[in-house]
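> have a look at this prediction, sequence included:
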2 protein chains.
Amino acid sequence: MTSKDKVQRAALSLVARDGFAGATTARIAAEAGVAEGSIYRHFKSKDALMLAIYRRIKAEVYMAVMEEYDEAAPLHDRFTHIWRHVFAAYRADPDALLFGQKFAETPLMEMEGGQGHKEMARVLTKLRDDGVAAGVFKNMAADLLTSLFYAPIVALLRAENSGRHWDEDEILSACEAAYDSWALSERHQRQQKS
Amino acid sequence: MTSKDKVQRAALSLVARDGFAGATTARIAAEAGVAEGSIYRHFKSKDALMLAIYRRIKAEVYMAVMEEYDEAAPLHDRFTHIWRHVFAAYRADPDALLFGQKFAETPLMEMEGGQGHKEMARVLTKLRDDGVAAGVFKNMAADLLTSLFYAPIVALLRAENSGRHWDEDEILSACEAAYDSWALSERHQRQQKS
DNA sequence: GTCTATATTTGGATAGAC
DNA sequence: GTCTATCCAAATATAGAC
């Protein structure tokens, strides 16, 4: 592993565990096994380092999600595919999720344009639009649905991080619960048709 | 307003706007119009100040929610009552929501026992238990449902904080979306009965 | 209880040898 | 590109007069 990567890994892990305040350049260097000054050969500032980590996380999750994603599939399949792949990606690297959460509450986030990775947001918005057009999803603001999409993912993984274990059924019903929040209830669908 | 309150207000507002790192004791004192040293007559440390603010917020929201709450009412009414009152409380003081979010990503949160205010969690858990027993809500972990409960509240108010406006209908359907995530779908209810 | 002044520590960042 | 040594600014907290 390159020295630059070691620094990123160390910073990621420290922020995930102790927050931004706890991730000092001194501790990052120590954890990475490099000198403090060396950090600045690879990143022009601590903020730049954090930003690079954030972008890498988002890009990796996006790539994992897009693998084998079929935009022509039925809406429920598309929803489930994305949800499960996001879940799996963060589950494989729990520190990445924690880092993202902490980063999002930082002033750096605003420079990053508000709500995370643009490409991921676009995929979810497209799914929403298609579902709304088909009369299957609620006609709600995309950022609202996005937050309902991620809520159970975050809750599941944070609990898992504290020692809890979830079996396959529980994960699936969490995904279904998110789906239900998107879907027009049968009652509403009947109203629409009449 | 007492000087102690002025310090709390100033800290609340600064954290909400600029995060924990941006809320230095110097800026807090300046914003509150007191001397930096005076902060320490009221709070033994900066952490103690932040903790006091967090607890006050949670207690106030809890009180607002409990007003006229009828635990014997139908499940849907109870859900809506709590949701709308939490929403209204944070809407009246948006800084309080932002503070809470930032605080939650802080090491201080762990000393506070994990997921926020115990009393509020108890009310939501009770509601969940009653609904599960009645076969109306999904039998899911309480913290999962809690996160689905709060997700649209946070999303709505963060958007509003950025200039967006929501009308009454949009707020109501956000509440309904959260409810749908809790509710067993009609399909599932039929399965249970058969 | 509030101010002014200051002690103390620690943070991010740089200089320069190797 | 990596290290050692160091600078400078800023942050928390305290001392002590009023």
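Noted; the coordinates are in hand.

> and chain A, which residues reach DNA strand D?
Chain A comes close to DNA strand D at residues A:Ser3, A:Lys4, A:Gly33, A:Val34, A:Ala35, A:Glu36, A:Gly37, A:Ser38, A:Arg41, A:His42, as judged by C-beta under 7 Å from any atom of the strand. C-beta: built from backbone N, CA, C; applies to glycine.

> what count of nearby residues applies to the third one?
The burial metric for A:Gly33, expressed as a neighbour count using other C-beta atoms under 10 Å in any protein chain shown, is 10.

> turn the residues of chain A next to DNA strand D into a markdown table, columns for secondary structure and distance to DNA strand C.
Output for these, formatted as a markdown table (DSSP: H, G, I helix; E, B strand; the rest coil; distance: C-beta to the nearest atom of the strand, whole Å):
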| residue | secondary structure | distance to DNA strand C |
| --- | --- | --- |
| A:Ser3 | helix | 14 |
| A:Lys4 | helix | 15 |
| A:Gly33 | coil | 16 |
| A:Val34 | coil | 12 |
| A:Ala35 | coil | 8 |
| A:Glu36 | helix | 5 |
| A:Gly37 | helix | 3 |
| A:Ser38 | helix | 8 |
| A:Arg41 | helix | 8 |
| A:His42 | helix | 11 |
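
> where does A:Ser185 land on pLDDT?
According to the prediction, A:Ser185 has pLDDT 83.

> flag every buried residue along the one helix or strand A:Val132 maps to.
Per DSSP states H and E: A:Val132 is located in helix A:118-133. The neighbour-count check on helix A:118-133 (16 or more other C-beta atoms under 10 Å in any protein chain shown) flags A:Met120, A:Ala121, A:Val123, A:Leu124, A:Leu127, A:Arg128, A:Gly131, A:Val132 as buried.

> swap in stretch A:37-55?
By neighbour count with 16+ other C-beta under 10 Å, stretch A:37-55 contains the buried residues A:Ile39, A:His42, A:Phe43, A:Lys46, A:Leu49, A:Met50, A:Leu51, A:Ala52, A:Ile53, A:Tyr54.

> which of those residues fall in helices?
A:Ile39, A:His42, A:Lys46, A:Leu49, A:Met50, A:Leu51, A:Ala52, A:Ile53, A:Tyr54 (DSSP state H).

> pLDDT added to these, as JSON lines?
What follows is these, written out as JSON lines (pLDDT from 0 to 100):
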{"residue": "A:Ile39", "pLDDT": "98"}
{"residue": "A:His42", "pLDDT": "98"}
{"residue": "A:Lys46", "pLDDT": "98"}
{"residue": "A:Leu49", "pLDDT": "98"}
{"residue": "A:Met50", "pLDDT": "98"}
{"residue": "A:Leu51", "pLDDT": "97"}
{"residue": "A:Ala52", "pLDDT": "98"}
{"residue": "A:Ile53", "pLDDT": "98"}
{"residue": "A:Tyr54", "pLDDT": "98"}
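
> ok, back up a step: as TSV, the buried residues of helix A:118-133 with pLDDT and distance to B:Leu12 would be great.
Converted to TSV, these look like this (pLDDT from 0 to 100; distance: C-beta to C-beta, whole Å):
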residue	pLDDT	distance to B:Leu12
A:Met120	96	32
A:Ala121	96	30
A:Val123	98	36
A:Leu124	98	33
A:Leu127	98	38
A:Arg128	98	34
A:Gly131	98	39
A:Val132	98	38
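
> and of the residues you listed, the nearest to A:Phe79?
Ranked by distance to A:Phe79 (C-beta to C-beta), these are led by A:Leu127 at 6.5 Å.

> thought that closest one was touching A:Thr80?
No: A:Leu127 is beyond contact range of A:Thr80, at 10.9 Å (criterion: C-beta atoms under 8 Å).

> shouldn't A:Pro11 be within a strand?
Residue A:11: Ala, not Pro. No: under the criterion used here (DSSP: H, G, I helix; E, B strand; the rest coil), A:Ala11 is helix, not part of a strand.

> neighbours around it, how many?
The burial count for A:Ala11: 26, using other C-beta under 10 Å.

> residues touching it, list them.
By C-beta atoms under 8 Å, 6 or more residues apart in numbering or on different chains, A:Ala11 lies in contact with A:Ala23, A:Ile28, A:Ala32, A:Leu49, A:Met50, A:Ile53.

> list the contacts of the residue nearest to it when sequence neighbours are not counted.
In space, and not counting its chain neighbours, A:Ala11 is closest to A:Ile28: 4.8 Å by C-beta to C-beta, 6 or more residues apart in numbering or on different chains. Going by C-beta under 8 Å, 6+ apart, A:Ile28 touches A:Val7, A:Ala10, A:Ala11, A:Leu14, A:Ile39, A:Leu49.

> now swap in A:Tyr69 and tell me
So A:Tyr69 contacts A:Arg78, A:His81, A:Ile82, A:His85, A:Val123 (C-beta under 8 Å, 6+ apart).

> interface residues of chain A facing DNA strand C?
Within chain A, the positions adjacent to DNA strand C are A:Ala23, A:Thr24, A:Thr25, A:Ala26, A:Glu36, A:Gly37, A:Tyr40, A:Lys44, A:Ser45, A:Lys46, A:Asp47 by C-beta under 7 Å from any atom of the strand.
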